[in-house]
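Student: Give me a model of this one.
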Amino acid sequence: MSNRIITIEREYASGGREVGQKVAEALGIPFYNREILEMASERCGVSVDYLASAEEAAPKSFLYTLMLSSNPTRSIEDNLPLSDKVYIVETNIIRELAEKEDCVIVGRCASYILRDLDRMFSTFIYADTEARVKRAVEVYGIEPRRAEAMLRKSDKRRETFYSINTGGNWYDKSNYDLCLNSNSLGIDLCADIIVQSVKRTL
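Tutor: All right, here's what the predicted structure looks like:
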């Protein structure tokens, strides 16, 4: 029997990470977010900060990669943009984690990577701009005058990362089993809804 995997994609400052942590605690299973980046850092032999800077950067086009890979003196992996290399390594890590045990995985296209699993439950957490700005300032320590711009920048990076690596639309609700407004529902209720949904469906 396959493991139960809960994946969470989230808008910046929507509280998706906190929701995921509460889900993992309620179900008594491991939680993975930045830990995946740390694992990838070890495998790539570069610092976490350096890898994070490339993680959601838009890679070169596929045609550009094909053109470079025609050079016989270099391997295809050598020709790949760093963001592509990061995605490949993280994909392998995510699959390994899913094979190992039940877990909650936040971000990094996990819902797409694990889409063929029978026992995977995918969620998208969002909230209105005003609530996210407030959270960015009060919880993440972002300067009030920079908060809204940070929201737009972070969401765009995540949207681009998802689109480039999956060919899909990050915001398309059909990509997820459940979409929740954390501002309307609250962090705790969002977590409770996911937990109950997982127990009933998986």
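Student: Confidence-wise, which helix or strand of this structure is lowest on average?
Tutor: helix 62-69 (a mean of 42; mean pLDDT, DSSP states H and E).
Student: any idea how far Tyr171 is from the residue nearest to Asp128 when sequence neighbours are not counted?
Tutor: Closest residue to Asp128 apart from its sequence neighbours, by C-beta to C-beta, 6 or more residues apart in numbering: Asn183 at 5.4 Å. (Each C-beta comes from the backbone N, C-alpha and C, glycine too.) Separation of Asn183 from Tyr171 (C-beta to C-beta, to the nearest Å): 16 Å.
Student: what's the answer for Val86, then?
Tutor: 22 Å.
Student: So for those two, which residue has more residues nearby?
Tutor: For Val86 and Tyr171, the more surrounded residue by other C-beta atoms under 10 Å is Val86, and the numbers stand at 26 against 16.
Student: correct me, but the more buried one touches Arg43?
Tutor: No - under the criterion of C-beta atoms under 8 Å, Val86 makes no contact with Arg43, lying 10.1 Å away.
Student: In this structure, where is pLDDT below threshold?
Tutor: Applying pLDDT under 70 to the chain flags residues 1, 55-83.
Student: for the helix or strand where the residue nearest to Asp128 lies, which positions count as buried?
Tutor: Using DSSP states H and E, Asn183 falls within helix 182-185. Neighbour counts over helix 182-185 (16 or more other C-beta atoms under 10 Å) mark Ser182, Asn183, Leu185 as buried.
Student: try stretch 119-129
Tutor: Neighbour count says stretch 119-129 has Arg119, Met120, Phe121, Ser122, Thr123, Phe124, Ile125, Tyr126, Ala127 buried, by 16+ other C-beta under 10 Å.
Student: could you dump those to a markdown table with secondary structure?
Tutor: Formatted as a markdown table, the buried residues of stretch 119-129 follow (DSSP: H, G, I helix; E, B strand; the rest coil):
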| residue | secondary structure |
| --- | --- |
| Arg119 | coil |
| Met120 | strand |
| Phe121 | strand |
| Ser122 | strand |
| Thr123 | strand |
| Phe124 | strand |
| Ile125 | strand |
| Tyr126 | strand |
| Ala127 | coil |
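Student: Quick one: neighbours of Arg4, just the number.
Tutor: 21.
Student: Also Ser174?
Tutor: Using other C-beta under 10 Å, Ser174 has 7 neighbouring residues.
Student: Next, the contact list for it, please.
Tutor: By C-beta atoms under 8 Å, 6 or more residues apart in numbering, the contact set of Ser174 is empty.
Student: returning to that earlier point: following the helix holding Asn183, which helix or strand comes up?
Tutor: Using DSSP H and E, the helix or strand that follows helix 182-185 towards the C-terminus is helix 187-201.
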